[in-house]
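Model the structure of this input:
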Amino acid sequence: MFFKCFFNLLRAVYSYANKNRLITQRCGPLETKCPKQKRPQWPKKGDKMIFQKIIMLFAGCVNISVEGFFIEKFINICKSKKIILQNLCIKNDTYLIATVLKDDFKDIVHISKRTKCKLKINKKIGLPFFINKYRKRKIFVIAFCIIILLLLVSTRFIWNIDISGNESIATEEILELVNRYGINIGVLKSNINTERISNLILMERNDIAWIGINIKGTNASISIKESIKIPEVIDKSEVCNIVASKSATISKIVVQSGTARVNEGDKVEKGDLLVEGVMDGAHTGIRNVHSEADIYGENSYTKERKENFVQNDTIKSGKQEKKYEICINNFKINFNKGVSKFKNYDTISSNKKVKFFSNYYFPIEINIITNNELKMQEKKYSESELKSKIIKELEDEFENDYRISGYDQENIIRNEEILKYYDGLSIKLTYTIREKIGTKVNVN
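This next block holds a predicted model:
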């Protein structure tokens, strides 16, 4: 009953929009060819017929062909009954093709009998026919309705959290922080007070200057701005000492004010006293002062590696297999439970959350596991090739462990020791880094 009233309303609006215009496209009576009839496409922007075409899809329409000797009479009767013939195409004096609304089709049948014309249905288009097609498939309809209902209900929850703006603070740390204050996967959006959570986080963390929490769709977008740490400055009038900021060997010490408690070549640990804020003058005696000094320390880091001229290198054969998993919240469905068909392989995992548009995520995640087959291949290196290979590997390790590129190159001493054996090379690489290690601390 509801759908019938709805479609009647659409038909009335459609008739009013057309303003009794019966023919929207017509081929001349002398034309011998008729354009191919296609299913109504979604109208392009600026098309004047957009309103009528949308209504036709919702109300339902029928593409028909009429054949007989009284085609003109057929058209005139349709006009008198205010039946709209959309996309009318007259092939010749005895044949036409047109599209009519579903509710007008019964009248078209009577008119075709009255004019002794042969009527044929070419295609049924629109929502009413789609509903009628699946009306008897109760399980399908029920399942479809349940899915739609679940999708609508799921839009009331948070299913994804995006974090941006953090540089020194780890993403996992921020995620744990917002989880503690109530922003979790699967939580109701109505239970989240973004302003209150932002204020609580700013009160707890001094290293966060600003935090913005924006909820769109099922996505919680968290943007932060980190605080800039201002180094503690001790006033020149205050008494202070200088201590070691890290463990090192003293390479140079120049004291402008205060008394040195270490000498060049001494090894110191972090926090050891380097310069004390006191001075003993011949005329002034012992007095407290603000320590000033330039203190440099050196640290040496060594890595060593030995490799043979003939090696078994691992290469990809080009063959791969993919396995898929679907995760619905904490429930996992594995489609490939067997072991890999490759003896040696490298595994790469990737996951993708299901979403509609940009901010509507759902609690469904697709995991793709890719196994690339690996093969062992014997390779022989020359002395220069092996040397370059080992040095590059050692330098990469130094960069990962000590960030060598962040230091001034003038303060770095690099040393290589190469030993050649009958079957390979052994290389010891040493970096000596020179840097300032003194930091001021207030005596009080």
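
Was I right to think D313 contacts M376?
Yes: under the criterion of C-beta atoms under 8 Å, D313 makes contact with M376 at 7.4 Å. Glycine gets a C-beta too; all of them are placed from N, C-alpha and C.

Give me the mean pLDDT for the longest helix along the chain.
Ranked by residue count under DSSP state H, the longest helix found in the chain is helix 383-402. For helix 383-402, mean pLDDT is 91.

contact partners of it?
Here helix 383-402 makes contact (C-beta atoms under 8 Å, 6 or more residues apart in numbering) with 301, 303, 305, 307, 309, 381, 404-405, 416, 418, 420, 424-425, 427, 429, 431, 433.

Adjacent strands (with direction) for the helix or strand just after it?
Reading on from helix 383-402 to the C-terminus, the next helix or strand found by DSSP states H and E is strand 412-420. Next to strand 412-420 in the sheet, as set by DSSP bridges, lie strand 424-436 (antiparallel).

Now do whichever helix or strand comes after the strand it pairs with: distance to the chain's middle.
Going down the chain from strand 424-436, the next helix or strand is strand 438-442, by DSSP H and E. Relative to its chain's centre, strand 438-442 lies at 45 Å (C-alpha atoms, centre = their mean, to the nearest Å).

Show me what strand 438-442 is packed against.
strand 240-244, strand 292-308 (3 or more C-beta pairs under 8 Å, 6 or more residues apart in numbering; DSSP states H and E).

Check what pLDDT K79 gets.
Looking at K79, its pLDDT stands at 88.

So which elements touch the longest strand seen in the chain?
Assignment by DSSP state E gives strand 360-380 as the longest strand of the chain. For strand 360-380, the packing partners by 3+ C-beta pairs under 8 Å, 6+ apart come out as helix 138-154, strand 310-328, strand 345-356.

now with 6 Å?
Using 3 or more C-beta pairs under 6 Å, 6 or more residues apart in numbering; DSSP states H and E, the elements in contact with strand 360-380 are strand 310-328, strand 345-356.

quick one: which of these is nearest K123?
strand 345-356 (30.1 Å; C-beta to C-beta).

what's that closest one packed up against?
Strand 345-356 packs on strand 360-380, going by 3+ C-beta pairs under 6 Å, 6+ apart.

Which residues outside the strand it packs on are in contact with it?
Around strand 360-380, the neighbours that count as contacts under C-beta atoms under 6 Å, 6 or more residues apart in numbering are 154, 159-160, 217-219, 310-317, 319-323, 325-329, 340, 342, 344-355.

Could I get the full set of helices for the stretch 101-250 of the chain?
Per DSSP state H, counting those that start in this stretch, the stretch 101-250 of the chain carries helices over the ranges 105-114, 127-133, 138-154, 171-180, 194-204.

relative to strand 360-380, how tilted is the third one?
Spelled out, it's helix 138-154. Helix 138-154 and strand 360-380 are oriented at 90 degrees to each other (axes from the mean of the first three to the mean of the last three C-alpha atoms, to 10 degrees).

Turn the helices of the stretch 101-250 of the chain into JSON lines, including distance to I391 and mean pLDDT.
JSON lines is the format used below for the helices of the stretch 101-250 of the chain (distance: least, C-beta to C-beta, whole Å; pLDDT from 0 to 100):
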{"stretch": "helix 105-114", "distance to I391": "84", "mean pLDDT": "89"}
{"stretch": "helix 127-133", "distance to I391": "69", "mean pLDDT": "78"}
{"stretch": "helix 138-154", "distance to I391": "55", "mean pLDDT": "81"}
{"stretch": "helix 171-180", "distance to I391": "34", "mean pLDDT": "92"}
{"stretch": "helix 194-204", "distance to I391": "47", "mean pLDDT": "91"}
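
how about those in a markdown table, adding distance to I75?
Converted to a markdown table, the helices of the stretch 101-250 of the chain look like this (distance: least, C-beta to C-beta, whole Å):
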| stretch | distance to I75 |
| --- | --- |
| helix 105-114 | 10 |
| helix 127-133 | 25 |
| helix 138-154 | 40 |
| helix 171-180 | 69 |
| helix 194-204 | 64 |
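
circling back to that earlier point, can you select the buried ones among the contacts of helix 383-402 for me in ChimeraX?
Buried subset of the contacts of helix 383-402, written as a ChimeraX selection, criterion 16 or more other C-beta atoms under 10 Å:
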select :303,307,309,381,404,424,425,427,429,431,433
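
hang on, the earlier thing: out of the helices and strands packed on strand 438-442, which is the most enclosed?
strand 240-244 (a mean of 22; mean count of other C-beta atoms under 10 Å).

and that strand, how far out from the chain's middle?
Counting by C-alpha atoms, centre = their mean, strand 240-244 comes out at 48 Å from the chain centroid.

Contacts for that strand, please.
For strand 240-244, the external contacting residues (C-beta under 6 Å, 6+ apart) are 234, 268, 270-277, 290-291, 293, 437-438, 440-443.

re the thing from before, so which bits of the longest strand of the chain are buried?
360-363, 365, 367, 369, 371-374.

For that strand, output the C-alpha coordinates as PDB.
Output of strand 360-380 as PDB, limited to C-alpha atoms (Å, rounded to 0.1, in the frame of the first residue of the first chain):
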ATOM      1  CA  TYR A 360      32.500   5.500   6.800                       C
ATOM      2  CA  TYR A 361      34.500   2.500   8.000                       C
ATOM      3  CA  PHE A 362      33.000  -0.800   9.000                       C
ATOM      4  CA  PRO A 363      34.200  -3.500  11.400                       C
ATOM      5  CA  ILE A 364      35.400  -5.600   8.600                       C
ATOM      6  CA  GLU A 365      39.100  -6.000   7.700                       C
ATOM      7  CA  ILE A 366      40.600  -7.900   4.800                       C
ATOM      8  CA  ASN A 367      44.100  -9.400   5.400                       C
ATOM      9  CA  ILE A 368      46.200 -10.300   2.400                       C
ATOM     10  CA  ILE A 369      49.200 -12.600   3.100                       C
ATOM     11  CA  THR A 370      51.600 -12.800   0.100                       C
ATOM     12  CA  ASN A 371      54.300 -15.500   0.100                       C
ATOM     13  CA  ASN A 372      57.200 -15.000  -2.400                       C
ATOM     14  CA  GLU A 373      59.200 -18.000  -3.200                       C
ATOM     15  CA  LEU A 374      63.000 -17.700  -2.500                       C
ATOM     16  CA  LYS A 375      65.700 -19.700  -4.200                       C
ATOM     17  CA  MET A 376      69.400 -20.100  -3.200                       C
ATOM     18  CA  GLN A 377      71.800 -19.100  -5.900                       C
ATOM     19  CA  GLU A 378      75.600 -19.300  -5.700                       C
ATOM     20  CA  LYS A 379      77.500 -16.100  -6.400                       C
ATOM     21  CA  LYS A 380      81.200 -15.400  -6.600                       C
END
